[in-house]
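1. Sequence first, predicted model second:
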Amino acid sequence: MSISDLYSSGFRERNRDHFAAIVRVALSDGELSPEEKAFLDRLAHHLDISPELYDSILENPSAFPVNPPSLYEARLERLYDIARMIYADHIEDDDEMRIMRRLSIGLGFNPANVDLINKKAMDLIHMHVDLETFIEEIKYMNR
């Protein structure tokens, strides 16, 4: 039995959709930098994305829904990955930030304060915080 057999198809679909959302951010400037490609390769391995699915998602990442997790911490983990991808190419332009905004709303963050959350997320990524610190800081901000 492979490791992927241990997870439900719903789990694999959520990972696929999350990966596709990250790819959308990576491709927002029309190309993949070596840092973005390395991050995608690590993330694909971590999310158990097959090479065939990886190629399919790179071809058309918009074909997959955002599929938000129900747990707040899981949404924060996804926001962390999105922010890291935006940081990876060192081009935090309007297109990438607009995609981050849409993805954040799709993840279930309140549109009224999503820009503040995204700004805080990017500030934390610039400080090279780990996932635990990121989650705690965003949670603290929302108290």
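-> Right, received. Where do you want to start? Nothing here was measured: the structure is a model prediction, and the numbers come from that model.
2. Now for the residue positioned nearest the centre of the chain: which residues touch it?
-> Central residue of the chain (Cα atoms, centre = their mean): Ile82, 3.2 Å from the mean position. Ile82 makes contact with Ala21, Ile22, Val25, Met100, Leu103, Ser104, Ala121, according to Cβ atoms under 8 Å, 6 or more residues apart in numbering. For glycine as for every other residue, the C-beta is placed from the backbone atoms N, C-alpha and C.
3. ok, now with 6 Å
-> Contact analysis of Ile82 by Cβ atoms under 6 Å, 6 or more residues apart in numbering lists Val25, Met100, Leu103.
4. how about stretch 14-31: buried residues?
-> For stretch 14-31, a neighbour-count test (16 or more other Cβ atoms under 10 Å) marks 14-28 as buried.
5. Of the residues you listed, which belong to helices?
-> Under the assignment DSSP state H, those contribute 14-26 to helices.
6. Return the alpha-carbon coordinates of the helix or strand that contains Ala74 using PDB.
-> Assigned by DSSP states H and E, Ala74 belongs to helix 72-88. Output of helix 72-88 as PDB, limited to C-alpha atoms (Å, rounded to 0.1, in the frame of the first residue of the first chain):
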ATOM      1  CA  TYR A  72      -8.900  28.200  10.700                       C
ATOM      2  CA  GLU A  73      -5.300  26.900  11.300                       C
ATOM      3  CA  ALA A  74      -5.400  25.000   8.000                       C
ATOM      4  CA  ARG A  75      -6.500  28.200   6.200                       C
ATOM      5  CA  LEU A  76      -3.500  30.000   7.900                       C
ATOM      6  CA  GLU A  77      -1.200  27.200   6.700                       C
ATOM      7  CA  ARG A  78      -2.400  27.800   3.100                       C
ATOM      8  CA  LEU A  79      -2.000  31.500   3.500                       C
ATOM      9  CA  TYR A  80       1.500  30.900   4.700                       C
ATOM     10  CA  ASP A  81       2.300  28.900   1.500                       C
ATOM     11  CA  ILE A  82       0.700  31.500  -0.700                       C
ATOM     12  CA  ALA A  83       2.700  34.300   0.900                       C
ATOM     13  CA  ARG A  84       5.900  32.300   0.700                       C
ATOM     14  CA  MET A  85       5.300  31.800  -3.100                       C
ATOM     15  CA  ILE A  86       4.800  35.500  -3.600                       C
ATOM     16  CA  TYR A  87       8.000  36.200  -1.700                       C
ATOM     17  CA  ALA A  88       9.900  33.500  -3.600                       C
END
